Every structure is written in structure tokens, then in C-alpha cells.
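Visitor: pasting the structure only:
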């Protein structure tokens, strides 16, 4: 006979994001290539588990037609 077990599953990571257009002193900020407005993405990662989580690297991929720069200017990702 098959045995069934019941247990709760909880996501160990909560992700909240905010996306906003960057203002400029003289109007709208332009991206580094001068092709359009600059945007900032803020991502908050929260550990919701009872144990520690360690991330070696976090990567955000740019959608097609957009460019993303790694913090620290190490690399540029083009979608």
C-alpha cells in the first residue's frame, strides 16, 4: 500500500523589487550610451528559512533591448 506524508513547504527566499526612473539635475537622466532614460532596479532578498543562506554570486539578466551594468563596473550585460 502506498504511504502518504503531509508536510508544509515554505520558500526559503522572499524577493521584493522596486524599479524607478533615475532623475537628473537638468531633466531626465540618460543611460551611459545616451540612448534613453536610466532606470534603477532595487532587489531585496530576505532569508525566510531558519538556517543561513550563502550566495556566491547573484546575476540579473537584461531583457532584450536593455543594458545592465554590474555593480562595480566589472561587466556589462546586453539583452
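Guide: Arrived safely, thanks for sending. Everything quoted here is computed from the prediction, not taken from an experiment.
Visitor: What's the first helix or strand after the helix or strand of the chain with the lowest mean pLDDT?
Guide: Sorted by mean pLDDT, DSSP states H and E, the helices and strands of the chain end with strand 27-28, the least confident at a mean of 52. Later in the chain than strand 27-28, the nearest helix or strand by DSSP states H and E is strand 39-47.
Visitor: From the contact counts, what lies against the next helix or strand after that following strand?
Guide: Downstream of strand 39-47, the next assigned helix or strand under DSSP H and E is strand 67-69. Contacts defined by 3 or more Cβ pairs under 8 Å, 6 or more residues apart in numbering; DSSP states H and E place strand 67-69 against strand 76-78. Bear in mind the C-beta positions are built from the backbone N, C-alpha and C, glycine included.
Visitor: any idea of the mean pLDDT for the strand it packs on?
Guide: Mean pLDDT, strand 76-78: 55.
Visitor: Then stretch 55-63?
Guide: Averaged across stretch 55-63, pLDDT comes to 80.
Visitor: who are the neighbours in contact with residue 47?
Guide: Shown in contact with residue 47 (Cβ atoms under 8 Å, 6 or more residues apart in numbering): 12-13, 53.
Visitor: Distance-wise, check it relative to residue 14.
Guide: 8 Å (Cβ to Cβ, to the nearest Å).
Visitor: how about the nearest residue to the residue nearest to the spatial centre of the chain, chain neighbours excluded?
Guide: The chain has residue 43 as the residue nearest its centroid, 4.7 Å off, counting by Cα atoms, centre = their mean. Distances taken as Cβ to Cβ, 6 or more residues apart in numbering place residue 17 nearest to residue 43, at 5.1 Å, with adjacent residues excluded.
Visitor: Measure how the host helix or strand of the one you found sits relative to strand 39-47, angle-wise.
Guide: Using DSSP H and E, residue 17 falls within strand 13-21. Strand 13-21 runs at 170 degrees relative to strand 39-47, counting by axes from the mean of the first three to the mean of the last three Cα atoms, to 10 degrees.
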